[in-house]
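Visitor: Here is the input, now give the coordinates:
(2 chains)
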Amino acid sequence: MTAPRRNRSRARLAVAVRRNATAWLFVGPATLIIVGLSIFPAAWSLLISQQRWNGITAPKHIGFRNYSALMADPEMYDAVRHTMVFTGIFVPVSILVGILLAVALNRRIKFLAFYRTCIFVPFVMSAAATGILANFVFDPRAGIINSALRMVGIPPQGFLEDPQQAMFVLCVVALWGALGFTVVVYLAALQDIPAELYEAAQIDGASRWQAFRSVTVPQLLPVTVFTSVWQTITALQLFDVVFTTTRGGPVGVTRTIVYFVYHQAFELADYGYGSAAALVLFLVTMLITIGMIVYARLKRIEAF
Amino acid sequence: MLSTPVIENAVPSPETAVRRRRWRLPFSPWHLLLMPVALVFVFPLVQMILTSFMSSAEINTYPPRYLPSSPQITGYIGLFTQAPALRWLGNSAIVAGTAVLSHLVLCSAAGYGFARLRFRGRQVGFLTIIATIMIPTQLLMIPTYVMFSRLGLVDTLAAAIVPWLSSAFGIFLMRQFFLSLPSELEDAGRIDGCSTFGVFWRVVLPLAKPALATLTIFTLLGSWNDLLWPLVAISDERWYTIQLGLANFQGPRRTDWSMLMSGNVVATLPLIIGFVLVQRQFIATMTMSGLK
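Guide: Residues are numbered from 1 along each chain as shown, chains lettered A, B, ... in the order given. Below you'll find the predicted structure:
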């Protein structure tokens, strides 16, 4: 009486083990790599951030002293300020111009494919190559932009070599490379707006501007939350363009947070300090992101 | 692909028709916006290509030239003879090729597993992977560098390859896609006697082509264009990727614009050609990739 039941449950167990094993064959390799390259190092960076360590001699545990040093480091505050200036320009401009260009591209006019290609191609270019190209066209002496400015009577500018202008030129360069992304996202969102909404607006006698304001803009709100979060994260992580253009200069005005982390860890070989800075960057990024998402949620509740 | 509500062509209401007739451009006014913008976007690229065919002397003439007076390829020759650019391109191709292949295999398998298979630890595993999306790479680069140097991976091509073997984003993308597939086909496959792997390989993957294309594009763009991680992990010139080679090229040989612009063209060309070839799919892909 008990023997067959035990056999049956053993068979069932074997099936379950087999099923689990098969499933883990599917998800195991990828999961292992991600845990090994994300969770494990992230936990380790917590440890490193409490050490004084140059990577060669033995690490020394110093508790939270890296963090307190960081809080008193004017260079860190400069890096935060530079990153905020960049983000403050990059995010709103990429969204507003993205919407404008998407609206312009979302109609049947001639050369549409040409326009679209022109606007998207810079997006596939690497930030490193974009930076090198920017050095060339914005070169104060031999650059084409200055020669064009001279033709219209504007004196040559220092651009990336001028501490007053470098950050704004970087914004222009980064926007040139990144606008294709917001344009694509908004183009997709525009195409998802049901035509009936516009027909209804027309029947109500709305002008095209009114239709834009009362149909297009609200329909684009969810996408705008997405692009804001995405572009903010992108902006906070600005590095490649800085590295290939100014390397943080002139006089440190373009040193961003990621550049600061890179500089501390890999140029000054202070892993503990660099890790502490990276953790602060992570916390700030997360707070800003969560804040934006919560704000959007609240807004939508208010709207309905 | 632009089969959309195009408000422009809607029937104008009587007032607007009258208002429009007074002064009407012979073309859509949107051209006045798009034409200059398109030129601004494409001009630097054209200038990059034109400059790559100029001699160093011509680039340094004042005022700057727009067109090469006698096109030459000295910049390209210098790139491949004075610097191991061919090797760098090869390294990049290996890194990007491995990244794409490995993403296609590992992420689609894991995405399928998390979407369709029932097993112990599924919930925990998936949540862990999603949580890693929030961890910025900048936080990981210091411990990963230390880890790789202990494993003896620093200054090898493996250092550039390993972080690109799999990604949480890729798994998430594939899982979302598999969730959207109707499961009846899989059931049919199973009734016909396919194993789990057989169903995945013969039934599910052929249906997943659009998602796999998306994954390919994002992985290719990301791995080919990566600079920060190779910069950290590789200092031996032999193992440079093309992006790293270019970035470091600038320091000592900064003034050789001819070589630099040629390098820029060479580093960008594979992606631009790819983009032009698959433009429609690329844009469709960008828009469908779960970003909405």
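
Visitor: Nearest to the spatial middle of chain A, which residue is it?
Guide: With distances taken as Cα atoms, centre = their mean, the residue of chain A nearest its centroid is A:Thr234 (1.2 Å).

Visitor: Now A:Leu25: which helix or strand?
Guide: Following DSSP states H and E, one finds A:Leu25 within helix A:2-34.

Visitor: Briefly note if that helix comes near chain B.
Guide: Yes. Helix A:2-34 lies within reach of chain B by Cβ under 8 Å from any Cβ of the partner chain, at A:19-20, A:22-27, A:29-31, A:33-34. In this view, the C-beta of every residue, glycine as well, is placed from N, C-alpha and C.

Visitor: Among these, which one has the most neighbours?
Guide: For the residues of helix A:2-34 next to chain B, counting by other Cβ atoms under 10 Å in any protein chain shown, the largest number of neighbours falls to A:Ala30: 29 neighbours.

Visitor: thinking again about what came up before, now do the residue nearest to the centre of chain A against chain B, distance only.
Guide: From A:Thr234 across to chain B, the span is 11 Å (Cβ to the nearest Cβ, to the nearest Å).

Visitor: Surely that residue touches A:Leu179?
Guide: No. Using Cβ atoms under 8 Å, A:Thr234 is not in contact with A:Leu179, being 11.8 Å away.

Visitor: Run through the strands of the stretch 1-150 of chain A in chain order.
Guide: When secondary structure is read from DSSP state E, counting those that start in this stretch, the stretch 1-150 of chain A shows strands at A:51-52, A:60-61.

Visitor: Among those strands, show me which one is buried the most.
Guide: Of all the strands of the stretch 1-150 of chain A, strand A:51-52 has the most neighbours on average by mean count of other Cβ atoms under 10 Å in any protein chain shown, namely a mean of 17.

Visitor: any residue of it up close to chain B?
Guide: No. Figure legend: strand A:51-52 not in contact with chain B (Cβ under 8 Å from any Cβ); closest approach 10.9 Å.

Visitor: what's that strand in contact with?
Guide: With contact meaning Cβ atoms under 8 Å, 6 or more residues apart in numbering or on different chains, strand A:51-52 is reached by A:Pro59, A:Lys60, A:His61, A:Ile62, A:Arg65, A:Asn66, A:Asp270, A:Tyr271, A:Gly272.

Visitor: Going by residue numbers, what spans are helices in the stretch 101-250 of chain B?
Guide: Using DSSP state H, counting those that start in this stretch, the helices of the stretch 101-250 of chain B run over residues B:108-116, B:122-132, B:137-150, B:157-161, B:168-180, B:184-191, B:196-198, B:205-207, B:209-225, B:228-233, B:242-249.

Visitor: Low-confidence stretches in chain A?
Guide: A:1-5, A:300-304 (pLDDT under 70).

Visitor: Outside of stretch B:136-156 itself, which residues are in contact with it?
Guide: By Cβ under 8 Å, 6+ apart, the residues outside stretch B:136-156 that reach it are A:37-38, A:40-42, A:44-45, A:48, A:55, A:233, A:237, A:239, A:258, A:261-262, A:265-266, A:271, A:274-275, A:278-279, A:281-282, A:285, B:159, B:162-163, B:228-229, B:232-236, B:239.

Visitor: Next, the contact list for B:Met48, please.
Guide: Contacts here follow Cβ under 8 Å, 6+ apart; on that basis B:Met48 touches A:Leu133, A:Phe136, B:Met261, B:Asn264, B:Val265, B:Thr268.

Visitor: Surely the last one touches A:Ala129?
Guide: Yes. In this structure B:Thr268 lies within contact range of A:Ala129 using Cβ under 8 Å: 5.2 Å.

Visitor: ok so, going back, now, which of the contacts of strand A:51-52 sits nearest chain B?
Guide: Nearest to chain B out of these is A:Tyr271 (Cβ to the nearest Cβ; 5.4 Å).

Visitor: Tell me the spatial nearest neighbour of that closest one, not counting adjacent residues.
Guide: A:Trp53 (4.7 Å; Cβ to Cβ, 6 or more residues apart in numbering or on different chains).

Visitor: my read: the one you found touches A:Lys60, true?
Guide: Yes. Assessed by Cβ under 8 Å, A:Trp53 is found in contact with A:Lys60 at 7.0 Å.

Visitor: Please point out which parts of stretch B:66-83 sit buried.
Guide: Going by neighbour count (16 or more other Cβ atoms under 10 Å in any protein chain shown), the buried part of stretch B:66-83 is B:Pro68, B:Thr74, B:Gly75, B:Tyr76, B:Gly78, B:Leu79, B:Phe80, B:Ala83.

Visitor: Dump those into a markdown table; add pLDDT, distance to chain A and secondary structure as well.
Guide: Converted to a markdown table, these look like this (pLDDT from 0 to 100; distance: Cβ to the nearest Cβ, whole Å; DSSP: H, G, I helix; E, B strand; the rest coil):
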| residue | pLDDT | distance to chain A | secondary structure |
| --- | --- | --- | --- |
| B:Pro68 | 86 | 14 | coil |
| B:Thr74 | 88 | 17 | helix |
| B:Gly75 | 88 | 12 | helix |
| B:Tyr76 | 92 | 16 | helix |
| B:Gly78 | 88 | 15 | helix |
| B:Leu79 | 88 | 13 | helix |
| B:Phe80 | 91 | 17 | helix |
| B:Ala83 | 87 | 14 | coil |
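
Visitor: Could you export the contacts of strand A:51-52 as TSV, including distance to A:Pro163?
Guide: Listed next are the contacts of strand A:51-52 as TSV, based on distance: Cβ to Cβ, whole Å:
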residue	distance to A:Pro163
A:Pro59	37
A:Lys60	37
A:His61	40
A:Ile62	35
A:Arg65	32
A:Asn66	29
A:Asp270	26
A:Tyr271	30
A:Gly272	31
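
Visitor: Please narrow those residues to those residing in helices.
Guide: Using DSSP state H, the subset of the contacts of strand A:51-52 located in helices is A:Arg65, A:Asn66, A:Tyr271, A:Gly272.

Visitor: CA atoms only for stretch A:172-182 - export them in CSV, please.
Guide: The C-alpha atoms that make up stretch A:172-182 are tabulated as CSV, following Å, rounded to 0.1, in the frame of the first residue of the first chain:
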residue,chain,number,x,y,z
VAL,A,172,25.5,71.5,-27.8
VAL,A,173,27.7,68.6,-28.7
ALA,A,174,25.9,66.1,-26.5
LEU,A,175,22.5,67.3,-27.8
TRP,A,176,23.7,66.9,-31.3
GLY,A,177,24.5,63.3,-30.6
ALA,A,178,21.5,62.5,-28.4
LEU,A,179,18.5,64.3,-30.0
GLY,A,180,17.9,61.5,-32.5
PHE,A,181,16.8,59.4,-29.5
THR,A,182,14.1,61.7,-28.2
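
Visitor: now that stretch: how far from the chain's centre is it?
Guide: Computed by Cα atoms, centre = their mean, to the nearest Å, the separation of stretch A:172-182 from the middle of its chain amounts to 11 Å.

Visitor: what's the answer for stretch B:200-215, then?
Guide: How far stretch B:200-215 lies from its chain's middle: 19 Å, per Cα atoms, centre = their mean.

Visitor: Which of the helices or strands spans B:Leu67?
Guide: Under DSSP H and E, no helix or strand contains B:Leu67.

Visitor: Relative to B:Pro64, how far out is the nearest residue to it once chain neighbours are set aside?
Guide: Excluding its sequence neighbours, the residue lying closest to B:Leu67 (Cβ to Cβ, 6+ apart) is B:Leu50, at 6.1 Å. According to Cβ to Cβ, to the nearest Å, B:Leu50 and B:Pro64 sit 11 Å apart.

Visitor: which one of these two has more residues nearby?
Guide: Ranked by neighbour count (other Cβ under 10 Å), B:Leu50 and B:Pro64 place B:Pro64 first, with 22 against 15.
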